[in-house]
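>>> from the sequence below, what's the structure:
(one chain, ligands or ions: 1)
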Amino acid sequence: MPLFKQFFLQYFRYTSRINPFPFVKQLLTSHSLPMPLPYLLNKSFTIFLLSSLLICFSGNAQDIDLLLKGGHVIDPKNGISETIDIGITGKNIVKIAKNIPENTAKKTIDLKGYYVTPGLIDMHVHVFNGADTESYIANALTSLPPDGFTFRSGVTTVVDAGSSGWRNFRQFKAQTIDKSQTRVLALLNIVGTGMYGRLEEQDVTDMNPTMTANMITKMFPDILVGIKSAHYWGDFTQVDLAVEAGKLAEVPVMVDFGEHQPTNSIEALFMKHLRPGDIFTHTFSYGPNNRETIVDEDLKVKPFVFEAQKRGIKFDVGHGGGAFSFRQAVPAIQQGFLPDVISSDLHSQSMNSGFKDMANLLSKFMNMGLTMEEVVLRATWNPAQVINRKDLGHLDVGTEADIAIFTLRKGDFGFLDIRKTKIDGDKRLETEMTIRAGRVVWDLNGLSVPYWESEFK
Ligand SMILES: [Zn+2]
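Down below sits the predicted model:
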């Protein structure tokens, strides 16, 4: 009723030059309308009356489809780490508040004891899945179909890191992106054929900044969020062409800088060749014959690495099957160097190695000393900002309801890197439930469904 009263007052103040208060007062204390006939017949008044009634009644209805109640919500973008409820209607988050009443929702899931975060963004994966046996990642078996690997670890958005180039992106879109429930975004490889083979990735004549930039800005600006430079054996030529394309398209470049013999200088890469906002992936890789490391042989972070991060270079984990070592990560974290983004580098040859899935990877960083808030930030709001997709990675009202729900297990656990070494840990995240655009797409223990006997009631 206060809403109703407010509407009446505003209506009279706005549309009538007479003093509204006697009418309103009478209206609210009696059941008869006291207005003179001309007012009642006034067309705009009738419309106003009907819409006011509609608003009043809808306010009392079950206008929330799904209420996530009592979970500990971690939403780093909004500085939230507390018990708070989330209301979802259709595809979107419509309310986030303490103690949303159950009777305003058609369905409620009790999440007491669970952690609720924005759906994870895995900023480095390979999902251009196909059956071209000549190719190794582009349209090939090494790339994985996203839905089979994302939801079970709380991931709702992936960024394919350069599996395709401008020549074969449309095939990738048609056969994977358009067919997936996971939101699939992509970095376009500066090489036209993407990751077809190591040999083809050396072809400078197929690194075309203009075609790459046009594919992004003119054709698929909603999907293509950046450019990838990877696996080049030569000097800085490939990086420089990727940055040229990045300038044309106004998007960031991600660099996998690791197959040079002898190694190329990462200080020159960070300080001269890349721009603030560009991304260095495989941050904790240890393959000293191929790539310069960020931590030296005395286990000290090289000073220019801190400077590079201050300059705006974004450091991505990109764990993969060969690019994460504790001998780099543990000293770096102890010395205060934290990656900006935690990502998996998912493909068929990495998923059974040390990273396993994103929940395990976040757990690994928690056991190296990061808080849960710090790891969630690095798999939600930080990657969203790096790829300039600020509509993602948070739980703002009005955004698509992409949500992950975790159990934090306590016990004795072990975590592996790719060098077949390990650390012990006492905590592990387990993905309880994943919601993509308002729909439950992963539910480990059946929190969202009734018992089987309910079918007979
Ligand atoms: Zn990769």
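
>>> could you pull out the strands in the stretch 101-250 of the chain for me?
Secondary structure of the stretch 101-250 of the chain by DSSP state E, counting those that start in this stretch: the strands cover 105-110, 115-118, 120-125, 155-165, 183-189, 224-230.

>>> turn these into CSV, including mean neighbour count.
(Glycine included, C-beta is placed from N, CA and C.) Formatted as CSV, the strands of the stretch 101-250 of the chain follow (neighbours: other C-beta atoms under 10 Å):
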stretch, mean neighbour count
strand 105-110, 16
strand 115-118, 27
strand 120-125, 30
strand 155-165, 30
strand 183-189, 27
strand 224-230, 28
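
>>> closest one to the ion among the ones you listed?
The ion sits nearest to strand 155-165 of all the strands of the stretch 101-250 of the chain, at 4.7 Å, using C-beta to the ion.

>>> who in this structure is up against the ion?
Within the chain, the positions near the ion by C-beta under 5 Å from the ion are 161, 345.

>>> quick one on the thing from earlier: nearest to Lys314, of the strands of the stretch 101-250 of the chain?
Closest approach to Lys314 among the strands of the stretch 101-250 of the chain is made by strand 120-125 (9.4 Å; C-beta to C-beta).

>>> name the surrounding residues that touch that closest one.
Outside strand 120-125, the residues that touch it by C-beta atoms under 8 Å, 6 or more residues apart in numbering are 144, 146, 150, 153-161, 254, 281, 316-318, 341, 343-347, 358, 362, 379-380, 383-384, 386-387, 392-393, 404.

>>> one more time with 7 Å
With contacts defined as C-beta atoms under 7 Å, 6 or more residues apart in numbering, strand 120-125 is touched by 154-161, 281, 316, 318, 341, 343-346, 358, 379-380, 383-384, 386-387, 392-393, 404.

>>> could you do stretch 390-407 as well?
So stretch 390-407 is contacted by 71, 73, 75, 77-78, 86, 88, 91-96, 111, 114-121, 154, 156-157, 359, 380-381, 383-384, 429-438 (C-beta under 7 Å, 6+ apart).

>>> try stretch 414-431
With C-beta under 7 Å, 6+ apart, stretch 414-431 has contacts from 152-154, 286, 321-326, 353-354, 359, 362-364, 366-368, 404, 406-413, 442, 444.

>>> in it, what's buried?
The neighbour-count check on stretch 414-431 (16 or more other C-beta atoms under 10 Å) flags 415-418, 425, 428-431 as buried.

>>> and of the residues you listed, the nearest to Asn290?
Closest approach to Asn290 among the buried residues of stretch 414-431 (C-beta to C-beta): Ile418, at 13.8 Å.

>>> how long is stretch 195-203 from one end to the other?
12 Å (C-alpha to C-alpha, to the nearest Å).

>>> stretch 440-457 too?
End-to-end distance of stretch 440-457 (C-alpha to C-alpha): 24 Å.

>>> pLDDT on that stretch, on average?
For stretch 440-457, mean pLDDT is 96.

>>> before we move on, back to that, need the buried residues of stretch 414-431 in a markdown table (columns: pLDDT and secondary structure).
As requested, the buried residues of stretch 414-431 are arranged in a markdown table below (pLDDT from 0 to 100; DSSP: H, G, I helix; E, B strand; the rest coil):
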| residue | pLDDT | secondary structure |
| --- | --- | --- |
| Phe415 | 98 | strand |
| Leu416 | 97 | strand |
| Asp417 | 97 | coil |
| Ile418 | 95 | coil |
| Gly425 | 98 | strand |
| Arg428 | 98 | strand |
| Leu429 | 98 | strand |
| Glu430 | 98 | strand |
| Thr431 | 98 | strand |
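
>>> from those, pick the one nearest the ion.
Distance to the ion, by C-beta to the ion, is smallest for Ile418 among the buried residues of stretch 414-431, at 13.1 Å.

>>> just to revisit the earlier point, selection in ChimeraX covering whichever of the contacts of stretch 414-431 are buried, please.
Selecting only the buried entries of those in ChimeraX, with 16+ other C-beta under 10 Å as the criterion:
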select :152,153,154,286,321,322,323,324,325,326,353,354,359,362,363,364,366,367,368,404,406,407,413,442
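
>>> among the contacts of stretch 414-431, which are in helices?
Applying DSSP state H to those, the entries found in helices are 326, 359, 362-364, 366-367.

>>> can you list the low-confidence ranges for this structure?
Across the chain, the ranges flagged by pLDDT under 70 are 1-60.

>>> of all the residues in the stretch 201-350 of the chain, which one is nearest the ion?
When scored by C-beta to the ion, the stretch 201-350 of the chain has Asp345 as its residue closest to the ion, at 4.3 Å.

>>> pretty sure that residue contacts Gly322?
No - here Asp345 lies out of contact with Gly322, judged by C-beta atoms under 7 Å, at a distance of 9.0 Å.

>>> ok, Ser343 to Leu187 distance?
11 Å (C-beta to C-beta, to the nearest Å).

>>> kindly report the same for Phe315.
Distance of Phe315 to Leu187, computed by C-beta to C-beta: 16 Å.

>>> quick check, central residue of the protein?
By C-alpha atoms, centre = their mean, the chain has its centre lying nearest to Ile121, at 2.6 Å.

>>> from Asn189, how far out is it?
Look at Ile121 and Asn189: by C-beta to C-beta, they are 20 Å apart.

>>> okay, how far is it across stretch 314-323, tip to tip?
End-to-end span of stretch 314-323 (C-alpha to C-alpha): 16 Å.

>>> chain center to that stretch: distance?
Computed by C-alpha atoms, centre = their mean, to the nearest Å, the chain-centroid distance of stretch 314-323 equals 17 Å.

>>> what residues does it touch?
Residues outside stretch 314-323 that contact it (C-beta under 7 Å, 6+ apart): 123-124, 254, 277-285, 309, 324, 339-345, 349-350, 353-355, 361, 386, 418.

>>> how about stretch 299-307?
Here stretch 299-307 makes contact (C-beta under 7 Å, 6+ apart) with 267, 270-271, 294-296, 331-332, 335, 337.

>>> report the contact partners of the residue of the stretch 201-350 of the chain closest to the ion.
Asp345 makes contacts with 124-125, 318-320, 323, as judged by C-beta under 7 Å, 6+ apart.

>>> swap in Asp357?
152-153.

>>> quick one: it from the ion, how far?
According to C-beta to the ion, to the nearest Å, Asp357 stands 16 Å off from the ion.

>>> quick check: Asp65 is in a helix.
No - counting by DSSP: H, G, I helix; E, B strand; the rest coil, Asp65 is not part of a helix but strand.

>>> what residues are bridge-paired with the residue nearest to it when sequence neighbours are not counted?
Of all residues not flanking Asp65 in the chain, Thr89 sits nearest, at 4.8 Å (C-beta to C-beta, 6 or more residues apart in numbering). Partner residues in beta bridges with Thr89, using DSSP bridges, are Asn92.

>>> right, I'll leave it there.
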